[in-house]
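Trainee: build me a structure from this.
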Amino acid sequence: MNKTMKTSQELLESSSLKKMEQSDRGSVSNKNETLNKKDAKRIATRKKIVDAATHLFARLGYHKTTIQDIAYHIGMTTGAVFHHFGSKKDILDEVVLQLNANLEQYIEFLDKEHRDYNEMVKGLVDIFVSRYHSDPDSIIGLTSLAAEFSGIREPIIINIQSAYDRFVDAFENALDGFSSNTPNRAAGVCFIAALQGVAIQALLRGGEVKIEELVDGFISLTTGKFWQSS
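Mentor: Numbers count the residues shown, from 1 in each chain. Predicted coordinates for the structure are as follows:
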């Protein structure tokens with residue numbers, strides 16, 4: 001009898017322990033879920049700030065853009081912006097990192113094996129036009145900052161040039177596959193500069209000339225063919 005009662009008590013204790021463990025696991029799960037939501041919100045807010053800063057830096061310039069401008073652009077307070085970034089310089093660093101990351105699609109394409117130069121150029125331009133329509137600031141942002149900082153040689157210019165060099169290195173390597181006896185590195189520098197210039201002209205001229213028309217003009221100069229008809 002005592003043995004039976006003891007066994008029953010042990011079962012009850014075991015059951016209670018399992019419930020407590022399940023409750024603890026549930027609490028941990030809920031806590032992790034709450035933290036994940038907070039992290040996701042923080043990341044989304046930081047991206048919102050960086051996107052706004054990219055737009056304003058590209059159109060107004062870094063030095064003429066204030067934290068108040070960034071906050072107003074996205075309906076936040078300056079205090080909320082400073083909660084995520086300690087200074088405007090911190091925002092600039094993040095903007096340049098993002099602009100650098102935006103070149104990855106071009107670099108991945110260039111790293112592939114290419115047998116036809118004209119097709120390679122067309123592929124790069126396809127990426128460019130798609131990105132222009134979805135996020136033009138990601139194209140003109142880097143060139144705007146490069147123009148603004150190159151004359152005063154502040155440390156940020158090193159990161160800006162590093163972003164450009166990633167593209168130029170990939171372009172040079174791709175051209176080496178066709179011929180290594182030509183100034184391929186210079187060609188890479190000119191290519192990205194020309195594309196960014198096309199984007200700036202498209203934005204400047206509004207609806208006067210479509211980006212596709214400007215790209216056709218660019219392609220006809222570089223390959224002797226037209227982009228849209230190729």
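
Trainee: who are the contact partners of N36?
Mentor: Going by C-beta atoms under 8 Å, 6 or more residues apart in numbering, N36 touches no other residue. Quick note: C-beta positions are derived from backbone N, CA and C, even for glycine.

Trainee: quickly note the distance from it to F171.
Mentor: N36 is 40 Å from F171, where distance means C-beta to C-beta, to the nearest Å.

Trainee: can you check S138 too?
Mentor: From S138 across to F171, the span is 18 Å (C-beta to C-beta).

Trainee: what's the answer for F109, then?
Mentor: From F109 across to F171, the span is 10 Å (C-beta to C-beta).

Trainee: again, but for Q105
Mentor: Counting by C-beta to C-beta, the gap from Q105 to F171 is 14 Å.

Trainee: so which of the two has more stuff around it?
Mentor: With other C-beta atoms under 10 Å as the criterion, Q105 and F171 differ in neighbour count, and F171 comes out ahead with 23 against 14.

Trainee: is it true that that one touches A187?
Mentor: Yes - assessed by C-beta atoms under 8 Å, F171 is found in contact with A187 at 7.1 Å.

Trainee: all helices for this structure, in order.
Mentor: Ranges of helices in the chain, per DSSP state H, are 2-60, 67-73, 78-84, 88-101, 104-110, 117-134, 137-150, 156-176, 184-205, 211-223.

Trainee: looking at these, which is buried most?
Mentor: Looking across the helices of the chain with neighbours counted as mean count of other C-beta atoms under 10 Å, the highest average goes to helix 137-150: a mean of 20.

Trainee: list the helices and strands it packs on?
Mentor: Contacts defined by 3 or more C-beta pairs under 8 Å, 6 or more residues apart in numbering; DSSP states H and E place helix 137-150 against helix 2-60, helix 88-101, helix 117-134, helix 156-176, helix 184-205.

Trainee: in terms of mean pLDDT, which of the ones you listed ranks lowest?
Mentor: Mean pLDDT across these is lowest at helix 2-60; the value there is a mean of 74.

Trainee: which residues touch I74?
Mentor: By C-beta under 8 Å, 6+ apart, the contact set of I74 is 48-49, 52.

Trainee: make JSON lines out of these and add distance to L214.
Mentor: Below are those laid out as JSON lines (distance: C-beta to C-beta, whole Å):
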{"residue": "K48", "distance to L214": "30"}
{"residue": "I49", "distance to L214": "31"}
{"residue": "A52", "distance to L214": "27"}
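
Trainee: let me know the closest of these to T78.
Mentor: I49 (11.1 Å; C-beta to C-beta).

Trainee: ok, that closest one touching K88?
Mentor: No - with contact taken as C-beta under 8 Å, I49 and K88 are classed as non-touching, separated by 10.8 Å.
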